[in-house]
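A.B. asks: any chance you can model this:
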Amino acid sequence: MPVAITPHLKAFGPFGGWSAPSLFLAFKHALTLVYRPEKRYYRAKVEWIEKHPSNPRFDDRPVVLTPIWSGVMILRKLAVIGFAFTLGLHASHVAAAPTLDALKAEAEMSKFEAKARLEVDRPGVAFYEMEQKVTTAYGVAMSEGADAFQSADQFVNRYAGLFGVEAGTVVAKSLEAGGPTFVPLMYDKATDTYKFTLVTYEQQRDGVSVFHSDFRVLVRNEPGFPVVLARSSMHPLGDFAVQRAGANPDLARESARQKSARLTKFSDMEEVIFAGAEERDALPTLAYKFTAESDDPVSPQGYERHLFVADAMTGEILHEENWVITEDVSGQVQGIATDLVGADICLPENPQGLPYARVNITPGGANVYADVNGNFTIPNGGVTPVTVESGVRGRRFIVTDQGASTPILTTNVTPPGPASFMHNAANTSEFNRASVNAYLQANIVRDMVLSYNPAYPTIANQVDFPINTNINITCNAFYSPLTSINFYRSGGGCANSGFGDVVHHEYGHHVVQVAGSGQGAYGEGMGDCMGVIITDQSALGIGFQNNCASGIRNANNNCNYQTTGCSSCGSAIHTCGQLISGCVWNTRNQLLITNPGTYRDIIGSLTINSVPLHTGTSITPQITIDFLTLDDNDANLNNGTPHYNEIAAGFGSHNMPAPALPALFFSYPNGRPSIVPPNTPFVIDVVAQPLTGTPQPGTGQLFYRIGNSGPFTQVAMTQHAPNEYDATLPATPCPQLIQYYVSAQSTTLQTVTDPPNAPTGVFGATSASSTQNVVAYNFETNPGWSVTSTATDGQWDTNPGIPVNCNRGDPPADFDGSSRCWLTDNSSASACNSDVDGGSTTLTSQNFDLSALASPVVRYARWYSNVAGDAPQADTFNVEISDNGGGSWIALEVVGPTTASPNPEVTGGWFVKQYRLADIASFNEATTQFRIRFVASDTGSGSVVEAAIDAFSIDDFVCAVPCGAATGDINGDTFIDGQDVSSFTTALLGSPSPAQICAGDFNTSSDLDIGDIDDFVTALLTQP
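C.D. replies: Numbering: from 1, shown residues only. Down below sits the predicted model:
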């Protein structure tokens, strides 16, 4: 995407009165940028904003900066020169203190680097962005591991920069105090297993949590544990450090009192870092988070409870949330009559069991809880008559009636009874009826949530949650976060609010709260969704306003998502909340058509399990992505999901579109290879299949290249049935890497590639007969490597470390996601002013014995940057190998010194390199004393030089000559006779050599097995 640049020169005249030296320096700066990768743009943007805080609009410029891989090289050079020239003109301005714009620009650069890396690592990955921040990554598997936590941690360590933060600030955190740092999602009742594990994190700095800054990683519970979605509400922190001197919590309390004199009860102060809320960023500030409330929640004067975040030094209120979440009645009414749910004035009452009700023998008997239908058994010895009592309370909920004393029923019974209770038997009291209704419906909504996720945070194990009924106010209901649900008595034109889907709605706020989401419009809408799922009706709150023909809201609505103003129905939280209930209702309608027997379970499970994925209070198309990801069955959204069409139609009808699917997708019936036979063409079966379009037969194309750079060769795939192809990879020398992708056209001439982002993302295979890993270091520990230096600063660290990410040419994270790598002076001391200076620093391995390997290949990931400082692009990064234990050294590669060098990767970024040692001139690959060393230098005028190494391995790629036709000459004496029978038997029962396999592998299974016996006997008997 082009980047606009507008030089701000009008105020300065043609050259702004700048001196010749200034112009010269500007032009020099331009020339040093011409060939650098796109991330130089972001670094320059940071510099611009830091130097021009009063004029940060760096992107408002008409010259187009085009990525180097776009091929428009001339435009790129002109653009960068123009941009750098402008930057140079202003370089003499005095640098100002860090600003929010500079902080955002730094995060933008981090995002660019991580995004480019992820797109290369995981072809087909997709992103959702808000306010130029990536908030969701999804689409394909993005990380793997031995379990869900390792996979999630590796994603964090490798790609945290995608979200504008450092990996070291992302810390595992439970959604419930003292609970696990994960939530299982999408429960399968048939197998008693979960489809996903949601691993939960928060952002911290110096041990202090960042307010409302969460990170959640969704992992499929299958071999490899692939990460399929990452959701962030984190904020950039830059170099912010916690400073407590001058903090005063009394100022924070006083600021809250200024908001309302009724606020008299204050919670403990919790230190947080405030860096913004939702998608909006702010300069990081140490703050206090606390709640303040008024009188008792059941006070007739009304109840106030607020969450405040206040500046720890000044007491200024930085953020405020109303924590009395009410059922407002001022919204738009769209009524559809129903006889399934409504207020007590609309429907008759019938006896129903009270789930999990508490009963006990009095006096002194233990409490016993009924089952879901209200049935109970109290253990008791003997047949002496006893008194049993029951109130409107149970294992999960306690009802407190604010209009009358909550009745306690008693009955005298001779064991074994039965003892029967009928609460509200007379059904003449609004208060008794409301208490029974609220208790019953609260249990129903709780059970519904747990039916779709038995491990739902907090709710699964919560007991004695308070329900206040018949509060002496009218026309409302509310949820007090983590404290209670509350309902009002009748009057003022409204029915008693303790009924049906009003209870479902208020408890729905609790479902949202304990999952770690904000409330706002999302909480209101998801509260309505609870009623929709339970009643299977769209009208909500029937009879709330004494009108049994209509409710107060309706999920069958036309509310559409808007990027500003929330929705076409309005921005108030209750009206905007109808947006998500409308999406759920319309998806339900689509599922009813295609899955009439299971539609309620499908929409119920997707809705409930989507809540822990949500962050913040907004309703955005990210929720569509959540539903699709939960629905998906193969860790690839690019080929749709089992219910993609229904979800896309339901959410799309409210301008919450699903990510578009391509016209076609590709399948590989026999898989894609990781290795291919050397010097032999290899055929991959490829099928172009319809998705949103129809494949055009005969249009399949294969693109390949040998190695990981250079142009791709395009050839037509061989079609052996309509849209079924053979993609033939060319004969490739062992152990070369071959990269490839495929394409085909639809009948409407739309070209689709696989991977979807090819040629940036490609598939790869190595040419070899077989492969075996011999050495693998992720550098979590020192495997015995050593450091020597002549440099005066910036030497290789003695041991591997976690990158501190100074954003000064050093990597923000390691390569392989294990957390550590080997770095040059990994230190943030002295404001990160440390890099290789005054000589060279050398990292050297221990000895490796390669004598038993057929064709050893060394592979490593490297990072190198030399493009900053007074003399950029003047130094090299040298990798050398030795076959005599370090007695002498041979160059393996030289990186740099410039972006125009044969090995131009000098601007940072992780690059994987692979070399077959047999290809290195004058090198003995069969050595018993192999060593490798990495030399970073800064030898002339000073420049900023940083280097890092990770993921070092030695593999043995066996490059055996392909077998010819099997002959049966197992003992290799050129004859097929009785002596081969003994050799064949011994080899078959033991470990055959490659030559024996070639001679006896009649069934071409690449091994000697019982399937070769018949043909061996035939060959033996038919010899002349």
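A.B. asks: give me the low-pLDDT residue ranges for the chain?
C.D. replies: For the chain, the stretches with pLDDT under 70 are 1-98, 298-302, 325-341, 381-383, 960-962, 1024.
A.B. asks: three-state assignment of Gly498?
C.D. replies: Assigned state for Gly498: coil (three-state reduction, DSSP: H, G, I helix; E, B strand; the rest coil).
A.B. asks: what's around it, how many residues?
C.D. replies: 35 (other Cβ atoms under 10 Å). For every residue, glycine as well, the C-beta is placed using N, CA and C.
A.B. asks: could you do the one 4 residues further on as well?
C.D. replies: With neighbours defined by other Cβ under 10 Å, the count for Val502 comes to 32.
A.B. asks: that one reaches Phe478, doesn't it?
C.D. replies: No. Contact criterion Cβ atoms under 8 Å: Val502 and Phe478 do not qualify, at 10.6 Å.
A.B. asks: please save the CA atoms from stretch 779-789 in PDB.
C.D. replies: Output in PDB follows, covering the C-alpha atoms of stretch 779-789 (Å, rounded to 0.1, in the frame of the first residue of the first chain):
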ATOM      1  CA  PHE A 779      19.900 -21.400  22.800                       C
ATOM      2  CA  GLU A 780      17.700 -21.500  25.900                       C
ATOM      3  CA  THR A 781      21.100 -22.500  27.500                       C
ATOM      4  CA  ASN A 782      24.700 -22.200  26.500                       C
ATOM      5  CA  PRO A 783      25.700 -25.500  24.800                       C
ATOM      6  CA  GLY A 784      29.400 -24.800  25.300                       C
ATOM      7  CA  TRP A 785      30.000 -22.000  22.900                       C
ATOM      8  CA  SER A 786      32.600 -19.300  23.700                       C
ATOM      9  CA  VAL A 787      33.200 -15.600  23.100                       C
ATOM     10  CA  THR A 788      36.400 -13.800  22.300                       C
ATOM     11  CA  SER A 789      36.700 -10.100  21.400                       C
END
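A.B. asks: can you list the buried residues in it?
C.D. replies: By neighbour count on 16 or more other Cβ atoms under 10 Å, the buried set for stretch 779-789 is 779, 785, 787, 789.
A.B. asks: next, the third one: phi, psi?
C.D. replies: Val787 has phi and psi values of phi -120, psi 130 when expressed as degrees, to the nearest 10.
A.B. asks: quick check: the gap between it and Gly650.
C.D. replies: Going from Val787 to Gly650 by Cβ to Cβ, to the nearest Å gives 60 Å.
A.B. asks: do the same with the second one
C.D. replies: Distance, Trp785 to Gly650, using Cβ to Cβ: 57 Å.
A.B. asks: now do the first one
C.D. replies: Using Cβ to Cβ, Phe779 is found at 48 Å from Gly650.
A.B. asks: now swap in the last one and tell me
C.D. replies: Ser789 is 63 Å from Gly650, where distance means Cβ to Cβ.
A.B. asks: what are the phi and psi angles of the residue nearest the centre of the chain?
C.D. replies: Taking Cα atoms, centre = their mean as the criterion, Ala230 is the residue nearest the geometric centre of the chain, at 0.9 Å. With angles defined as degrees, to the nearest 10, Ala230 sits at phi -130, psi 130.
A.B. asks: okay, strands next: where are they in the stretch 451-600 of the chain?
C.D. replies: Taking DSSP state E, counting those that start in this stretch as the test, the strands found in the stretch 451-600 of the chain are 465-474, 477-480, 484-489, 539-540, 553-554.
A.B. asks: quickly list the domain ranges of the protein.
C.D. replies: Domain ranges of the chain: 3-97, 108-232, 249-323, 664-676+690-767, 774-958, 962-1024, per automatic domain parsing.
A.B. asks: to Thr458, which of these lies closest?
C.D. replies: Among the domains of the chain, domain 108-232 comes nearest to Thr458, with 4.7 Å by Cβ to Cβ.
A.B. asks: what about the closest one, distance to the chain center?
C.D. replies: Chain-centre distance of domain 108-232: 3 Å, with Cα atoms, centre = their mean, to the nearest Å.
A.B. asks: residues near Asp295, how many?
C.D. replies: By the criterion of other Cβ under 10 Å, Asp295 has 14 neighbours.
A.B. asks: roughly how far does it sit from Asp401?
C.D. replies: According to Cβ to Cβ, Asp295 stands 19 Å off from Asp401.
A.B. asks: same question, Thr264
C.D. replies: From Thr264 to Asp401 the distance is 26 Å (Cβ to Cβ).
A.B. asks: what of Thr985?
C.D. replies: Thr985 is 88 Å from Asp401, by Cβ to Cβ.
A.B. asks: please say which of those two ends up with more neighbours.
C.D. replies: Neighbours of Thr985 and Asp401, each counted by other Cβ under 10 Å, are more numerous for Asp401; the result is 22 against 12.
A.B. asks: for the more buried one, name its beta-bridge partners.
C.D. replies: Counting by DSSP bridges, Asp401 is bridged to Thr469.
A.B. asks: residue contacts, it?
C.D. replies: The contact partners of Asp401, taken as Cβ atoms under 8 Å, 6 or more residues apart in numbering, are 392, 431-432, 434-435, 469-470.
A.B. asks: and Ala813, what does it touch?
C.D. replies: Contacts of Ala813 (Cβ under 8 Å, 6+ apart): 157-161, 166-167, 803, 805.
A.B. asks: helix or strand for it, which one?
C.D. replies: Under DSSP states H and E, no helix or strand contains Ala813.
A.B. asks: skip the chain neighbours and tell me the closest residue to it.
C.D. replies: Nearest in space to Ala813, with sequence neighbours left out and distances taken as Cβ to Cβ, 6 or more residues apart in numbering, is Ala167 at 4.7 Å.
A.B. asks: surely the one you found touches Ser819?
C.D. replies: Yes. Using Cβ under 8 Å, Ala167 is in contact with Ser819, at 7.5 Å.
A.B. asks: find residues that contact each of these two.
C.D. replies: Listed contacts common to Ala167 and Ser819 are 157, 802; contacts here mean Cβ under 8 Å, 6+ apart.
A.B. asks: so Ala868 bridges to which residues?
C.D. replies: With DSSP bridges as the criterion, Ala868 is bridged to Val944.
A.B. asks: just to revisit the earlier point, of the contacts of Asp401, which belong to helices?
C.D. replies: Taking DSSP state H, the ones among those that sit in helices are 431-432, 434-435.
A.B. asks: how many residues are close by the nearest residue in space to Ala966 that is not next to it in sequence?
C.D. replies: In space, and not counting its chain neighbours, Ala966 is closest to Phe1002: 4.5 Å by Cβ to Cβ, 6+ apart. Phe1002: 20 surrounding residues under other Cβ under 10 Å.
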